Each structure stands twice: as C-alpha cells, then as structure tokens.
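> Just to be clear, the model below is a prediction. Sequence and coordinates:
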Amino acid sequence: MGENMTDVLLRVENLHVSVGDTPIIQGISLEIKRGEIHAIMGRNGAGKSTLANVVMGHPAYEVTSGTIHYKGQNIDDMEVFERARAGMFLSFQYPAAIPGDQVGTFLRKSVASVRGEAPSPRAFRKELNEAMKQLDMDKSFLSRYVNDGFSGGEKKRLEILQMLLLQPDLALLDETDSGLDIDALRIVADGINAVAEDTGCMIITHYQRLLDLVRPNFVHVLIDGKIVQSGGPDLAIKLEKEGYDWVDALV
C-alpha cells in the first residue's frame, strides 16, 4: 500500500485538553498510519493516558482547541461506542471488574456490539478458541466473572484477547505491560504483534522491555502535556538508561 491519505488512521493536530480548569494536554500533534506502532513514554502525570482517553472519546475530558481526525473524519462529535464501531480500541490502565458477567458472554456481547450483529455461536466459538490458543489461555477462563479476582496478568490477557477478536484498525494500549511477569509479557506482546501489521497502534508504556518484543516505528516523549522529542526505537533505549532529566531542557 502506498503512503497516501487512506493510510492515515489518526491525525491529531495542535490538541489542547483540560479537566475542569486544569490543562493536561498542551499542543500535541501526532499522525499514525496503518501498520505503524507509536510508543508514548513519559513520567506519571505527563498526559499519556489522557491522550488515549481523549482519542477514544472519554467524556471527562474537554478538548479546548485542536482537532482529532480518524480515517480522515473529524470525530469531535462521535460517542465512544461510535468510535469503537468505527474500529477504535482502548485497553485500560486499570481494567474494571464486572461481577456477575461471565467472560465468554462479555466477549460475545463486545463483538456483537462492535460488529453491529452477533456472530453465530459456532463461528464465534471457532474465533474464540483460536484466539485463546494464541494467548495460551485455558477454556475455564470463560466461565469466570470479568476481571473479578483476576491477577494483573489475567486482566491484560483478557484485554488482548478482546482485541484479537475485535481486530481494530486503531489500537490504543495504555500500560498493557504493567504488572506482567516475563512469560505473560511475551504472550501479550505476541498478541499485539499479531494485529499490528494491519492496525495502527499507540502504546503507552514506561518500560523498554515491552518495546524489545513489540518494536515501535516511532517513540514520542511526553513532558507536561507536550511531545518534546520523537525518534525511533533507540530513543526508548536512551530513556531507559538516562531517565527523563535530559529531556526537561527541551520543554
């Protein structure tokens, strides 16, 4: 596919975002094309999660200026569910528990909601079995209640399982690697890599170890709501070695 406008999944232009009267994002511009992986790095409170939530349409955040275009369309007025149906997916930093809702039922509802119709039970079972095998997940997982008593690793695997089933065009992954041991990290990374070829990915992370397994095309450093440095995978390695003090001078 040649590089043209149809390749651009997400275009963020001079975005400013506030919560109440507090500015959080202060002029971010970013473009993600299909097949690209963009890593967003920065200290806690830099605005990384806010950026992902705003792109997904979280109502708690107010876009005070700037624009967000998805597949060439201004999405300011699109509700969260409309963005999901259009092919956007957000994994949460802290996935919520849903007691009383079994994983298998939850996943089928998710797929039906995004696709606009429920897949046949037989077709869905086939898709689900293949995705669970890819993530080394036992079928007993399906009868448990969503994230109820789940370990951090189990919560993250469930989100990646959901992503494999939904096959989004744009995946926003907010600290998907947090709290994972090395085996779970590798499995989660394999799931991300499985969809990355046909998807645009924004990966928010603090750690180089995920980026050893999911190699980004671009790394962006966020300080106080602004992207102050962008580069390739080597930038993440430098941050791992030297921390963020050296980028403070760029603000």
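Alright, I've got the coordinates.
> Following the chain past the helix or strand encompassing residue 172, name the next helix or strand.
If you go by DSSP states H and E, residue 172 is part of strand 170-174. Once the chain leaves strand 170-174, the next helix or strand it forms, by DSSP H and E, is helix 182-196.
> Mind giving me the packing neighbours of that next one?
Applying 3 or more CB pairs under 8 Å, 6 or more residues apart in numbering; DSSP states H and E, we find helix 182-196 packed against helix 121-134, helix 152-166, strand 170-174, strand 200-204, helix 208-213. For every residue, glycine as well, the C-beta is placed using N, CA and C.
> Could you check the angle that helix makes with helix 152-166?
20 degrees (axes from the mean of the first three to the mean of the last three CA atoms, to 10 degrees).
> buried stuff in helix 182-196?
For helix 182-196, a neighbour-count test (16 or more other CB atoms under 10 Å) marks 184-189, 191-192, 194-196 as buried.
> just to revisit the earlier point, the strand holding residue 172 pairs with which strands?
According to DSSP bridges, strand 170-174 has the following sheet partners: strand 88-91 (parallel), strand 200-204 (parallel).
> Deepest-packed of the ones you listed, please.
strand 200-204 (a mean of 25; mean count of other CB atoms under 10 Å).
> What's the per-residue pLDDT of residue 141 here?
According to the prediction, residue 141 has pLDDT 87.
> Residue 44 now?
86.
> same check, this time on residue 3
Model confidence at residue 3 (pLDDT) stands at 46.
> for residue 80, same thing?
At residue 80, the model reports a pLDDT of 92.
> Please report how far it lies from residue 202.
Look at residue 80 and residue 202: by CB to CB, to the nearest Å, they are 16 Å apart.
> One more: residue 33?
Per CB to CB, residue 33 is found 12 Å from residue 202.
> Check residue 90 too.
Residue 90 is 9 Å from residue 202, by CB to CB.
> Are there residues contacting both of these two? Which ones?
Shared contacts of residue 90 and residue 202 (CB atoms under 8 Å, 6 or more residues apart in numbering): 52, 55, 172.
> so what's the last one up against?
So that's residue 172. Applying CB under 8 Å, 6+ apart to residue 172 gives the contacts 52, 55-56, 88-91, 202, 204.
> repeat that with 10 Å
Residue 172 sits next to 10, 32, 40, 49, 51-53, 55-56, 88-92, 200-204 when contact means CB atoms under 10 Å, 6 or more residues apart in numbering.
> what's across from the closest residue to residue 163 other than its chain neighbours in the sheet?
In this structure, residue 163 finds its nearest non-sequential neighbour in residue 89, 5.5 Å apart by CB to CB, 6 or more residues apart in numbering. Residue 89 has these beta-bridge partners by DSSP bridges: residue 171.
> per-residue pLDDT, residue 89?
Reported pLDDT for residue 89: 93.
> still on that earlier bit, can you check which residues contact both of residue 33 and residue 202?
Common neighbours of residue 33 and residue 202 (CB under 10 Å, 6+ apart) are 9-10.
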